[in-house]
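Asks: Just the structure for this:
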Amino acid sequence: MADKVNPRRATEENFGASTDLQSLGTVPFELITRTIPLDTEKWRTRASCAYPSRFSRTRCCAAQSSPNCGEDSASFAAARAFSLLRRAPGYTEAVKPNPPLAGKTALVTGGARRIGRAVAIALAEAGADVAISYRSSRAQADATAAEIADSGRRALVVECEVRSEPSVRSAVTAVGVQFGRIDLLVNNAAVFTSAALESLTLEQWDATFETNARGPFLVSREALPYLRAAHGRIINIGSLGGLHPWAGHAHYCSSKAALHMLTQTMAKAFAPEVSVNCVAPGWIEIDEAGMMPPDTLRQETAPWPQEQTLHLETQRRKQLEAARFAAKTPMGRNGTATDIAQAVLFFASGPHFITGQTLAIDGGLGLL
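Replies: Numbering: from 1, shown residues only. Next up, the predicted model:
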């Protein structure tokens, strides 16, 4: 066994001879770990043995049988020094808090791009393992999954046609098998098209409702056993169009209004185990490949084929419309995908007691 090392001497060697334990005050945990480069868990075990009076005797005795324990090196003296520091008046340990969704698993439908992508990445950064579903955007789904993995979380990509009951059942089962649980469901997959009400076809109407209303119903129903077991949460992505009528989007507005009502009925039906809420975006600007900035449009003077000219004209109209909405929005700008993701995080990590609510994220646009 190595020679015993005086704790005071160990403290002086690590923190300086002038160190006064009675006046240390707050010592950042990062400073200690940087000064004494030891494995944190081993260090804590040795510290518990150095001063067993600060821990239960059971824990100390258990630690004594651990290979991490013992007065066998100068590192143990450092552990003694750490114990002394913890005994100093006013000392607090700056421990980094766990992410709010650590240990949770989320499923985001339509999570490959746009708002769904922003939500999926935000949930991963908050500590959740994330599964994303896609219908046709496999390459973008893989790219989003890679970003999730880069944040240190597990990612899963599943193909899912939310209008199809067998497809939904297969996708939810795949997530359950891979992750073992589902704590959070974000019903984001949706379609958005424009059509004058007098010329709206039955096919357009049905296709919009199948995705925007039936889809969330099917995915929520299939995921419900997992969500109930986890006392989980459902967050639907609605729309300001479900709260205010847009003449050129009757089918879309009606489908989102149906989703808002579905949110409330599910909140009553699934309580108290599962909370259900809805985020209703206003005008949201999305940066995607192919969206050219105004300066680029103005600088382009070479003759283009007809389809490229039509594409540029479409982009120009979108940008002018976005500028018009931003000008009349009380907050002075349009929303972003990040704004929506932060609202989803609020419902995902806030009080479980909140349920049946629809939160408009529109910068005050709905007040006009």
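Asks: In contact with residue 260: list those residues for me.
Replies: Contact analysis of residue 260 by CB atoms under 8 Å, 6 or more residues apart in numbering lists 236, 238, 242-243, 278, 280, 358. Bear in mind the C-beta positions are built from the backbone N, C-alpha and C, glycine included.
Asks: Now do it, the pLDDT please.
Replies: pLDDT, residue 260: 98.
Asks: likewise residue 285?
Replies: 89.
Asks: Quick one: the contacts of residue 260 as TSV, columns for distance to residue 266, pLDDT and neighbour count too.
Replies: Converted to TSV, those look like this (distance: CB to CB, whole Å; pLDDT from 0 to 100; neighbours: other CB atoms under 10 Å):
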residue	distance to residue 266	pLDDT	neighbour count
236	8	98	26
238	13	97	29
242	15	95	24
243	18	96	17
278	10	98	29
280	16	97	25
358	12	98	19
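Asks: Now render those residues as a markdown table, adding secondary structure and distance to residue 188.
Replies: Putting these into a markdown table (DSSP: H, G, I helix; E, B strand; the rest coil; distance: CB to CB, whole Å) gives the following:
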| residue | secondary structure | distance to residue 188 |
| --- | --- | --- |
| 236 | strand | 8 |
| 238 | coil | 10 |
| 242 | helix | 14 |
| 243 | coil | 18 |
| 278 | strand | 11 |
| 280 | strand | 13 |
| 358 | strand | 15 |
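Asks: Quick check: the farthest pair among those?
Replies: Maximum pairwise distance in these, criterion CB to CB, is 13.3 Å, between 236 and 243.
Asks: Out of the contacts of residue 260, flag the one nearest to residue 129.
Replies: Taking the contacts of residue 260 together and measuring to residue 129 by CB to CB, the closest member is residue 236, at 21.0 Å.
Asks: Just the CA coordinates for the helix or strand where residue 106 lies, please, in PDB.
Replies: Counting by DSSP states H and E, the element that carries residue 106 is strand 105-108. Extracted C-alpha coordinates of strand 105-108, given in PDB (Å, rounded to 0.1, in the frame of the first residue of the first chain):
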ATOM      1  CA  THR A 105     -38.000   8.800 -27.200                       C
ATOM      2  CA  ALA A 106     -39.900  10.900 -29.800                       C
ATOM      3  CA  LEU A 107     -41.600  10.100 -33.100                       C
ATOM      4  CA  VAL A 108     -41.900  13.000 -35.500                       C
END
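Asks: Just give me the neighbour total for the closest residue to residue 205 other than its chain neighbours.
Replies: In space, and not counting its chain neighbours, residue 205 is closest to residue 251: 4.8 Å by CB to CB, 6 or more residues apart in numbering. Applying other CB atoms under 10 Å, we find 22 residues neighbouring residue 251.
Asks: Kindly report the same for residue 359.
Replies: So residue 359, with other CB under 10 Å, has 17 neighbours.
Asks: which element is it on?
Replies: Assigned by DSSP H and E, residue 359 belongs to strand 358-361.
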